[in-house]
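1. sequence-free structure coming up:
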């Protein structure tokens, strides 16, 4: 048994299976695609291609040699290759699958950005709580500092008042004592003068 390639174009091969029995020369169509190309679309292409190809080239294919039909069938094969090149254009299920995949990718991106935003929001909430705690500590410390400063101000006022009173006492007491002594001395002098004047 031998396989003879009768025609080839892009991703389509036309093959003939030859047996030892010369009466049985079967011609078959095969499509070579990538792994991600949908098999449903490939089968639809084979089904659509088989009728026009067998109508035009069935008699020639039975007696053809290797690659002898490539030039003759090129336009028909190229036309089908071009039509079925993008599976989403001919297969509604493939088109729908590609749209679903696009939506899935968009949703995954949205979920990823939502998770990122949630993490950022949690981080901001944590920072906000820390700032609130720091503000409370600052407010308490400022109240304590205000009390301490008030106490220091009261102490300084008491010290200054005491110092001023002390200086005044130091200055005024001797003056008052002198004035009293002078007043006593003046009465005595008057009394002595009065006594002298009476005598």
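-> Yep, it's here. A quick note: this is a predicted structure, and the numbers were derived from the prediction, not measured.
2. can you tell me how far residue 100 is from residue 39?
-> 18 Å (Cβ to Cβ, to the nearest Å). Every C-beta, even on glycine, is put in place using the N, C-alpha and C of the backbone.
3. what does stretch 89-97 contact?
-> 38, 40-41, 44-45, 83-84, 87-88 (Cβ atoms under 8 Å, 6 or more residues apart in numbering).
4. buried subset of those as a ChimeraX selection?
-> Restricted to buried positions by 16 or more other Cβ atoms under 10 Å, the ChimeraX selection for those reads:
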select :38,41,45,84,87
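5. which among the contacts of stretch 89-97 gets closest to residue 63?
-> residue 45 (25.9 Å; Cβ to Cβ).
6. list the contacts of the nearest residue to the closest one once chain neighbours are set aside.
-> Distances taken as Cβ to Cβ, 6 or more residues apart in numbering put residue 84 closest to residue 45, at 4.5 Å, once the chain neighbours are dropped. Contact analysis of residue 84 by Cβ under 8 Å, 6+ apart lists 41-42, 44-45, 90.
7. report the lowest-confidence entry in the residues you listed.
-> Here the lowest pLDDT out of the contacts of residue 84 sits on residue 90, with 75.
8. what's the neighbour count on it?
-> 16 (other Cβ atoms under 10 Å).
9. show me where this protein has strands.
-> 2-9, 12-18, 25-31 (DSSP state E).
10. any idea how far residue 140 is from the residue nearest to residue 45?
-> 78 Å.
11. now find how far off-centre the longest helix seen in the chain is within its chain.
-> For the chain, the helix with the greatest residue count under DSSP state H is helix 92-198. Distance of helix 92-198 from its chain centroid, counting by Cα atoms, centre = their mean, to the nearest Å, is 43 Å.
12. ok, back up a step: which ones among the contacts of residue 84 are found in helices?
-> Reading helices off those with DSSP H, I get 41-42, 44-45, 90.
13. export those residues to TSV and tack on distance to residue 63?
-> As requested, the ones in helices among the contacts of residue 84 are exported to TSV (distance: Cβ to Cβ, whole Å):
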residue	distance to residue 63
41	32
42	28
44	30
45	26
90	33
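14. what is the most widely separated pair among these?
-> Largest pairwise distance in those, by Cβ to Cβ, is 10.6 Å, between 42 and 90.
15. so for this structure, the centremost residue is which one?
-> residue 116 (4.5 Å; Cα atoms, centre = their mean).
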